[in-house]
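J.: Got a sequence here, can you model it:
(chains A and B)
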Amino acid sequence: MVSINYAFREISCKIVYYGPGLSGKTTNLQYVHGRMPAKSRGDLISLATEADRTLYFDFLPIHVGDIGGFATKFQLYTVPGQVFYNATRKLVLRGVDGIVFVADSQAAKMDENIESLANMYENLRENEIDSDQIPLVFQYNKRDLPDVVSLDELEKTLNPSGRPCTEACAVDGLGVFDTMKRITKLVLEDTKRRTSAASPTPAGPSAPPVVAAALAGGSTSESATAVAAAKSAIASRHGWEEKEGASVSVALSDAPVTSGPFPRRDIVASDGPAAASAPASGASPIVMAQQRSTRVRHRHRSIWDRLFGWLSGR
Amino acid sequence: MSSGTFVIHQDQIDRINAAMLRLLKKGEAKCALLVDKDGHLITRQGFTQTLDTTAMSALLAGSFASTREIARLVGEPEFSVLFHQGQRDHIHISLVGDRSILAIVFDDRTTIGMVRLYAREAADRIKELLSATSDEPTALDPDFTRSAAAKIDSMFTE
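T.: Numbering: from 1, shown residues only, chains lettered A, B, ... in the order given. Predicted coordinates for the structure are as follows:
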């Protein structure tokens, strides 16, 4: 959350770089650290493994200077992208004021992007942060590599609600400052909005992410359209068949699923043994990746239910 | 708390600083930092000139957050006190209310018992002072967004 210290006349905001492993989150911070004058930034702190993979987070404080009489600071964090570090990702997201989602543009990495994005929405939810309101910028990184997905397809798949996006090659610094500009402006606009008692609350800096709405069981026509677009894009890339008329409605909590094409125990992962049947179920890959995290828990419950039933029967 | 902002005012800081100074004097500690759970420094007292307090605040918050998850895994709601022992300097970290963390750096001129005793007293006082906060920020300058955009554009240029 934005910290406003009237005693020191300081505003401090937290921005988190999120994304799959090796997508370039730490590289973004390294470039910013390397290019900014020393008086405008602090030390870059990396809590990393011996192999230089982020273990907990990277941290870089940026001092923008006086804005409207307040010394304005941004605290840039990255999360560990590797799948098994989810507990730490969730901790780093706590109190976040703005997010940069760093996606790897390579075609082979699209599933990881989708899974990471779904994981981000889930972690925001668990931290009780409204993903519709949080300033969010998409950075499509590694645009210089061969076999990258087109910008149009990335937008359709990851960013159907049209949040701001940038193309980048973080290792060379291309797009890194552009991303910084966009997210910092959004965060400060959001801060201004929050502190402005007179102005009614708008819907946020841009349209809400409809994928998140769909994940939450939202059924607005906008979200349905956007999810369908994402589904269509990824299905065509994989050569999957789409099933007409399948609706998307997923409960992320333990509440029972009340609608949708299948009960939760039938949920399959796109890279699991039953992957071939997954696309035909009609759920978008992002939704399916989200479901994956609840699948194991549900399977355990199912075993206990059966055991309990067997014992009751005796 | 209102709409995700943590607001602290001058009079609160003055009183919190007084409580921290008292703690440092009685507990004979070197310095104290008050940090919110998101890693923003609220205030500091004592010999902090040689410390990177911004980085330390972020790391303290991260450390406390991970310890809380560890507590949860062993069935505790929270570990309210952390203690790190070094060769010369040591650090005592305690929770203040549900939003802040008080970190005290001390050396062998005092004892952990003394620090702990006065830390608890200071934490109670600070908690009381923080709970009095309204969290209602004063509206920022009407020109804030435009100034911010201009500043950011000039700052992040290749």
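J.: ok, which stretches of chain B are strands?
T.: B:5-8, B:31-36, B:41-46, B:81-85, B:90-96, B:100-106 (DSSP state E).
J.: Now chain B against chain A: closest residue?
T.: residue B:38 (3.1 Å; C-beta to the nearest C-beta). (Glycine included, C-beta is placed from N, CA and C.)
J.: ok, for that residue, nearest residue in space, not its chain neighbours?
T.: Residue nearest to residue B:38 in three dimensions, not counting chain neighbours: residue A:95, with 3.1 Å by C-beta to C-beta, 6 or more residues apart in numbering or on different chains.
J.: re earlier: wait, which of the strands of chain B is closest to residue A:40?
T.: Minimum separation from residue A:40 across those (C-beta to C-beta) falls at strand B:41-46, 17.7 Å.
J.: elements contacting that closest one?
T.: helix B:10-27, strand B:31-36, helix B:53-73 (3 or more C-beta pairs under 8 Å, 6 or more residues apart in numbering or on different chains; DSSP states H and E).
J.: Adding mean pLDDT as columns, could you present these in CSV?
T.: Output for these, formatted as CSV (pLDDT from 0 to 100):
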stretch, mean pLDDT
helix B:10-27, 94
strand B:31-36, 95
helix B:53-73, 91
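J.: out of those, which comes closest to residue A:145?
T.: Closest to residue A:145 of the helices and strands packed on strand B:41-46 is helix B:53-73 (C-beta to C-beta; 32.3 Å).
J.: okay, that closest one in CSV with CA atoms only?
T.: Presented in CSV, the C-alpha positions along helix B:53-73 are these (Å, rounded to 0.1, in the frame of the first residue of the first chain):
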residue,chain,number,x,y,z
THR,B,53,17.7,2.1,6.2
THR,B,54,15.7,1.8,3.0
ALA,B,55,17.1,-1.5,2.1
MET,B,56,17.0,-2.6,5.7
SER,B,57,13.3,-1.8,6.0
ALA,B,58,12.5,-3.9,2.9
LEU,B,59,14.6,-6.8,4.2
LEU,B,60,13.1,-6.6,7.7
ALA,B,61,9.6,-6.7,6.2
GLY,B,62,10.6,-9.6,4.0
SER,B,63,12.2,-11.5,6.9
PHE,B,64,9.1,-11.0,9.1
ALA,B,65,6.7,-12.0,6.3
SER,B,66,8.6,-15.3,5.7
THR,B,67,8.8,-16.0,9.4
ARG,B,68,5.1,-15.5,9.7
GLU,B,69,4.6,-18.2,7.0
ILE,B,70,6.9,-20.5,8.9
ALA,B,71,4.9,-19.9,12.1
ARG,B,72,1.7,-20.8,10.2
LEU,B,73,3.3,-24.0,9.0
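J.: Outside of that helix itself, list whatever touches it.
T.: Residues outside helix B:53-73 that contact it (C-beta atoms under 8 Å, 6 or more residues apart in numbering or on different chains) are A:42-43, A:45, A:47, A:56-57, A:59, A:61, A:73, A:75, A:77, A:87-88, A:91-92, A:94, B:33, B:35-41, B:44, B:77-79, B:82, B:93, B:95, B:101, B:103.
J.: distance between it and the chain's centre?
T.: Here helix B:53-73 is found 11 Å from its chain centre; the criterion is C-alpha atoms, centre = their mean, to the nearest Å.
J.: Mind listing what's buried along it?
T.: Neighbour-count burial for helix B:53-73 flags B:53-65, B:68 (criterion: 16 or more other C-beta atoms under 10 Å in any protein chain shown).
J.: So what angle separates the directions of that helix and strand B:81-85?
T.: If you take axes from the mean of the first three to the mean of the last three C-alpha atoms, to 10 degrees, helix B:53-73 sits at 120 degrees to strand B:81-85.
J.: relative to strand B:41-46, how tilted is helix B:53-73?
T.: Using the same axes, to 10 degrees: helix B:53-73 against strand B:41-46 is 110 degrees.
J.: Show me chain A divided up by domain.
T.: A:3-198, A:202-254, A:261-314 (automatic domain parsing).
J.: what's the least confident stretch among the ones you listed?
T.: In terms of mean pLDDT, the lowest-scoring of these is domain A:202-254 (a mean of 40).
J.: Let me see the backbone angles for residue A:93.
T.: Backbone torsions of residue A:93, given as degrees, to the nearest 10, read phi -70, psi -20.
J.: was I right about it contacting residue A:127?
T.: Yes: judged on C-beta atoms under 8 Å, residue A:93 makes contact with residue A:127 at a distance of 5.4 Å.
J.: Have a look at those two and say which one is more surrounded.
T.: Each of residue A:93 and residue A:127 has its neighbours counted (other C-beta atoms under 10 Å in any protein chain shown); residue A:93 has more, 21 against 14.
J.: how far away is that one from residue B:111?
T.: Going from residue A:93 to residue B:111 by C-beta to C-beta, to the nearest Å gives 38 Å.
J.: For residue A:21, which non-adjacent residue is closest in space?
T.: Excluding its sequence neighbours, the residue lying closest to residue A:21 (C-beta to C-beta, 6+ apart) is residue A:81, at 3.4 Å.
J.: if I look at that neighbour, how far off is residue A:117?
T.: Residue A:81 is 12 Å from residue A:117, by C-beta to C-beta.
J.: Equivalent analysis for residue B:44, please.
T.: From residue B:44 to residue A:117 the distance is 38 Å (C-beta to C-beta).
J.: Any idea what residue B:43 is bridged to?
T.: residue B:34 (DSSP bridges).
J.: Distance to residue A:151 added to the helices and strands packed on strand B:41-46, as a markdown table?
T.: Formatted as a markdown table, these follow (distance: least, C-beta to C-beta, whole Å):
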| stretch | distance to residue A:151 |
| --- | --- |
| helix B:10-27 | 48 |
| strand B:31-36 | 39 |
| helix B:53-73 | 34 |
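J.: Could you pick out the residues of the stretch 1-150 of chain A near chain B for me?
T.: A:1-8, A:12, A:14, A:35-36, A:40, A:42-43, A:45, A:47, A:56-57, A:59, A:61, A:64-65, A:67-70, A:72-73, A:75, A:77, A:87-88, A:91-92, A:94-95, A:97 (C-beta under 8 Å from any C-beta of the partner chain).
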